[in-house]
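Enquirer: Would you be able to build a 3D model of this:
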Amino acid sequence: MNKVSNENNEFSNIPMTDKDYATMLLTMLKDISKNYTISLTEASNEILYNKYKDMYVKYINMQRNLFEEMYRKGWYNLEKVEDNKLTTKYNTLNNEFNSIRNY
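Expert: Residues are numbered from 1 along each chain as shown. Just a heads-up that it's a prediction; the model follows:
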């Protein structure tokens with residue numbers, strides 16, 4: 001049997017830490033959750049919708065639990081935001097919401 005492979009894989013010798021694996025898993029869980037959100041909005045069958053919803057809840061719970069564990073270990077840092085930035089963002093989103101609601 002003839003095999004074709006890349007003998008020059010520069011990444012094969014880079015060790016991954018627990019933090020690297022957790023970050024990769026967190027990213028995957030976020031993507032899966034986003035895809036289930038789309039599936040929920042597209043499901044026309046009630047039984048299928050409920051199955052998707054159950055799976056969605058499981059994935060967002062896994063994502064949340066992993067995030068909390070990473071945060072406890074200091075692997076996930078959050079940015080402290082100044083009050084004026086929060087107020088500005090709130091006003092922007094509120095204005096967008098009102099323009100959609102009044103459309």
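Enquirer: What strand or helix carries the residue nearest the centre of the chain?
Expert: Centroid-nearest residue in the chain: Lys30, 1.8 Å away (criterion: CA atoms, centre = their mean). Secondary structure assignment for Lys30, by DSSP states H and E: helix 18-42.
Enquirer: List the contacts of that helix.
Expert: 49, 52-53, 55-56, 59-60, 62-63, 66-67, 69-70, 73, 75-76 (CB atoms under 8 Å, 6 or more residues apart in numbering). From N, CA and C alone the C-beta is placed, and that goes for glycine too.
Enquirer: Could you pull out the buried residues of that helix?
Expert: Going by neighbour count (16 or more other CB atoms under 10 Å), the buried part of helix 18-42 is Ala22, Thr23, Leu26, Leu29, Ile32, Ser33, Tyr36, Ser39.
Enquirer: Taking the contacts of helix 18-42, tell me the two that lie furthest apart.
Expert: The distance between the two most remote of the contacts of helix 18-42 (CB to CB) is 36.3 Å, for Tyr49 and Lys73.
Enquirer: which of the two has more neighbours?
Expert: When neighbours are counted by other CB atoms under 10 Å, Tyr49 comes out ahead of the other of Tyr49 and Lys73, with 15 against 11.
Enquirer: can you tell me how far the more buried one sits from Ser39?
Expert: In this structure, Tyr49 and Ser39 are 9 Å apart, going by CB to CB, to the nearest Å.
Enquirer: Of the contacts of helix 18-42, which is the nearest to Tyr103?
Expert: Tyr49 (27.0 Å).
Enquirer: quick one: contacts for that closest one?
Expert: Neighbouring residues of Tyr49 by CB under 8 Å, 6+ apart: Leu40, Ala43.
Enquirer: Secondary structure element for it, which one?
Expert: Going by DSSP H and E, Tyr49 is part of helix 46-72.
Enquirer: so where's this structure uncertain?
Expert: Residues of the chain that meet the criterion pLDDT under 70 lie in 1, 6, 8-12.
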